[in-house]
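Chemist: Here is a sequence together with a model predicted from it:
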Amino acid sequence: DVLKEKCDQEPTPNSGEIISPQDVTCLYEQNPHNLLDPCDALAFYMVVTRTTKCKSKHGKNLCKKIGLQKPLQGAHCLFGMTPSLRRSGCRTAKELARVGEPLSYQKRRRGDLRKVLVTADAVLARHAIEAGWGVLGF
C-alpha cells in the first residue's frame, strides 16, 4: 500500500514509442560483440505489457515467468544499464519475439527512469510503470 501511494504521488511521465518485437531484438543486438563492454550501456529501456491471451503453451509459460499472468495486469522491463542486464534483456527479447502478438513493447528513455522496483505483485508493477518507474520480477 505504501509503494502504491508513492507511485500515485509521482507525476505522470511521457510515454515512450510503441515498437515491434523484431525492433526490440535488433536494438539489444546492435553490437553483439560489445555485450561485455561496461561502457556500452543502452540509453533506453523497454516496458513489456501483455495485451491479450496467449494462444500457445510456450507463450503462457514465458508470460508467467516474467510476471505477466493476465492481460492488462503487470509489466516487465528490459534494461541495458549493465552488461549482465543487457545480456539478460537480449535473451528475454529473443524469447518474447517468438510469442509475438499478445505483448506490447514501449521504448522509453533511460534518463526518464525514476526508480527500479523488484516485485512479484502484478498490480503494483502496473502502478510503478505508470509512475515512470522500472520493474523487475523475481
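Modeler: Good, I have the coordinates.

Chemist: any idea which helix or strand carries residue 125?
Modeler: helix 122-130 (DSSP states H and E).

Chemist: buried ones in the helix or strand hosting residue 25?
Modeler: Here residue 25, judged by DSSP H and E, is contained in helix 21-28. In terms of neighbour count (16 or more other CB atoms under 10 Å), helix 21-28 has its buried residues at 21, 23, 24, 25, 27, 28. From N, CA and C alone the C-beta is placed, and that goes for glycine too.

Chemist: avg pLDDT for it?
Modeler: On average, the pLDDT along helix 21-28 is 83.

Chemist: and that helix, what does it pack onto?
Modeler: Other elements packing on helix 21-28 under the criterion 3 or more CB pairs under 8 Å, 6 or more residues apart in numbering; DSSP states H and E are strand 44-50, helix 83-99, strand 103-109.

Chemist: of all the ones you listed, which gets the most neighbours per residue?
Modeler: Per-stretch averages of neighbours, counted by mean count of other CB atoms under 10 Å, single out strand 44-50 among these, with a mean of 22.

Chemist: which neighbours does that strand have in its sheet, and in what orientation?
Modeler: Using DSSP bridges, the strands paired with strand 44-50 are strand 76-78 (antiparallel), strand 103-109 (antiparallel).

Chemist: what angle sits between the next helix or strand after it and helix 83-99?
Modeler: Beyond strand 44-50 in the direction of the C-terminus, DSSP H and E gives the next helix or strand as helix 57-65. Inter-element angle recorded for helix 57-65 and helix 83-99: 140 degrees (by axes from the mean of the first three to the mean of the last three CA atoms, to 10 degrees).
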